[in-house]
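Participant: Could you look at this predicted model? Sequence included:
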Amino acid sequence: MRLVELAKALRNAHRGSGVARRVRHFDGWLDRAVSEGAGAGTYDHAETVRDYYELCNEFMVWGWGESLHFAPLTPNESLEESKVRHQRAMISKLELRQGMKLVDVGCGIGGPMRRVVREGGVRVVGININGIQLAKARKLNAEAGLEHMIDLRKCSFADMSAIEADSFDGGYAIESTCHAQDKQRAFAEIFRVLKPGTLFWGQEMCLTDRFDPRDGWHRAIRRDLMRGIALHEIATFGEVNRALEGAGFQVVEASDWEVREGPSTPWYQPMESRHGTLGNAVRRLPWGRKAFIAASKLAEVLRLFPNGSAEVVRLLDRTAEAYVTGGRTGIFTPLYCFLARKPLPA
């Protein structure tokens with residue numbers, strides 16, 4: 001995406017929405033969740049997640065590309081190449097056959113979805129609560145000539161009541177169910193819409209076994225990650241597995257895909273030092289992010305970006321720093337990947 005395209009996308013996405021005010025409101029979501037949760041239980045985390053992606057989506061695509069997820073990195077690949085390899089690994093795990101219909105749970109703007117359709121020869125229904133992301137996904141699907149193979153629906157993965165049970169031949173969720181306010185409820189709803197015997201692949205953001213809840217620094221890092229990524233909680237590996245099993249799934253395999261034998265590159269390196277081509281890398285590097293905050297302020301003055309855009313970039317910069325800190329300490333990974341199956345009736 002070129003800068004002129006980013007400016008146009010931002011104006012279309014945030015026309016008249018008061019970006020600066022919305023950033024301040026989002027920034028306080030964690031305190032509201034605690035206070036409202038302790039009261040009448042009125043806090044709805046889905047609204048926070050929706051706000052997060054409405055504010056940040058265009059800048060995330062600008063910095064990270066159409067596939068808004070992490071991937072295991074190798075020294076010889078760019079971030080973009082690693083994401084393609086990672087998506088193909090998921091496709092192979094799902095044992096796709098031509099003519100299948102899959103559900104993409106929390107489809108974002110559909111980067112992985114378009115690869116699944118092209119390379120798997122399957123139809124996909126993408127689920128998302130964010131209208132801005134869905135609109136962009138529709139545009140990109142049409143440009144790719146794949147709109148006839150993809151159906152997009154605006155609904156929460158915690159409530160897909162508009163979709164009949166046993167509807168899909170498989171499904172996947174890439175860094176989406178990590179946002180769930182109730183993970184087991186989300187998995188149970190996914191379980192309901194899958195056909196018996198089918199596979200479900202997922203990628204979760206998790207705390208590793210190195211996280212020590214008694215360590216104040218570890219707790220502070222966890223809070224920064226939760227606040228910046230709109231994670232209601234950050235599950236451990238065991239908590240993810242128990243939520244899957246509680247929903248009825250059989251866990252076929254599950255592991256942190258960051259832990260590998262042989263040469264590898266830390267998953268967070270693109271936000272810390274150069275990885276891949278310089279042009280794309282600059283947008284993700286610490287100095288590049290700081291420079292873009294200043295450039296966004298100037299773009300606001302020139303009325304190219306909506307007022308408040310620089311605050312969104314600042315929010316994403318803080319979040320990138322939290323990602324790197326979580327990764328360097330080893331207490332956090334976005335690469336806990338699992339394959340689960342909905343059992344056949346006894």
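Facilitator: Structure's in. What do you need?
Participant: Just the element for residue 107, please.
Facilitator: If you go by DSSP states H and E, residue 107 is not part of any helix or strand.
Participant: Enumerate every residue touching it.
Facilitator: Residue 107 makes contact with 113, 124, 126-128, 133, 137, 152, 176, according to Cβ atoms under 8 Å, 6 or more residues apart in numbering. All C-beta spots, glycine's among them, are computed from the backbone N, C-alpha and C.
Participant: remind me which residues of the stretch 201-346 of the chain are low pLDDT?
Facilitator: Within the stretch 201-346 of the chain, the set of residues satisfying pLDDT under 70 comprises 274-281.
Participant: Walking through it, point out its helices one by one.
Facilitator: Taking DSSP state H, counting those that start in this stretch as the test, the helices found in the stretch 201-346 of the chain are 216-229, 237-247, 278-282, 286-301, 309-329.
Participant: ranking the ones you listed by burial, who's on top?
Facilitator: helix 309-329 (a mean of 20; mean count of other Cβ atoms under 10 Å).
Participant: Send over it as CSV, restricted to the C-alpha atoms.
Facilitator: Output of helix 309-329 as CSV, limited to C-alpha atoms (Å, rounded to 0.1, in the frame of the first residue of the first chain):
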residue,chain,number,x,y,z
SER,A,309,-4.1,9.4,13.4
ALA,A,310,-0.7,10.0,15.0
GLU,A,311,-2.1,8.8,18.3
VAL,A,312,-3.1,5.5,16.6
VAL,A,313,0.4,5.1,15.3
ARG,A,314,1.7,5.9,18.8
LEU,A,315,-0.6,3.2,20.2
LEU,A,316,0.7,0.7,17.7
ASP,A,317,4.3,1.7,18.5
ARG,A,318,3.8,1.0,22.2
THR,A,319,2.2,-2.3,21.4
ALA,A,320,5.1,-3.3,19.2
GLU,A,321,7.4,-2.6,22.1
ALA,A,322,5.3,-4.8,24.3
TYR,A,323,5.4,-7.6,21.7
VAL,A,324,9.2,-7.4,21.6
THR,A,325,9.6,-7.3,25.4
GLY,A,326,7.2,-10.3,25.8
GLY,A,327,9.2,-12.2,23.1
ARG,A,328,12.6,-11.3,24.4
THR,A,329,11.8,-12.4,28.0
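Participant: ok so, going back, redo the helices of the stretch 201-346 of the chain as a markdown table? Include distance to residue 89.
Facilitator: As requested, those are exported to a markdown table (distance: least, Cβ to Cβ, whole Å):
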| stretch | distance to residue 89 |
| --- | --- |
| helix 216-229 | 23 |
| helix 237-247 | 19 |
| helix 278-282 | 22 |
| helix 286-301 | 29 |
| helix 309-329 | 20 |
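Participant: Looking at those helices, spot the one closest to residue 99.
Facilitator: Among these, the nearest to residue 99 by Cβ to Cβ is helix 237-247 (26.9 Å).
Participant: now what about that closest one, what contacts it?
Facilitator: The contact list for helix 237-247 (Cβ under 8 Å, 6+ apart) reads 183-184, 187-188, 190-191, 204, 206, 208-209, 235, 251, 254, 256, 336, 338, 340.
Participant: Is it possible to mark the buried ones in these?
Facilitator: Neighbour counting with 16 or more other Cβ atoms under 10 Å marks 183-184, 187-188, 190-191, 204, 206, 208, 235, 254, 256, 336, 338, 340 as buried within those.
Participant: quick one: contacts for residue 154?
Facilitator: Residue 154 sits next to 128-129, 131, 134 when contact means Cβ under 8 Å, 6+ apart.
Participant: Swap in 10 Å and give it another go.
Facilitator: Counting by Cβ atoms under 10 Å, 6 or more residues apart in numbering, residue 154 touches 126-131, 133-134, 162.
Participant: so which of the residues you listed comes closest to residue 54?
Facilitator: Nearest member of the contacts of residue 154 to residue 54, counting by Cβ to Cβ, is residue 130, at 6.2 Å.
Participant: and the residue nearest to the closest one when sequence neighbours are not counted, how many neighbours?
Facilitator: Once flanking residues are discounted, residue 130 sits nearest to residue 53: 4.5 Å by Cβ to Cβ, 6 or more residues apart in numbering. Counted with other Cβ atoms under 10 Å, residues neighbouring residue 53 total 22.
Participant: list the contacts for residue 53?
Facilitator: Per Cβ under 10 Å, 6+ apart, neighbours of residue 53: 60, 68, 106, 108-109, 128-133, 179, 230.
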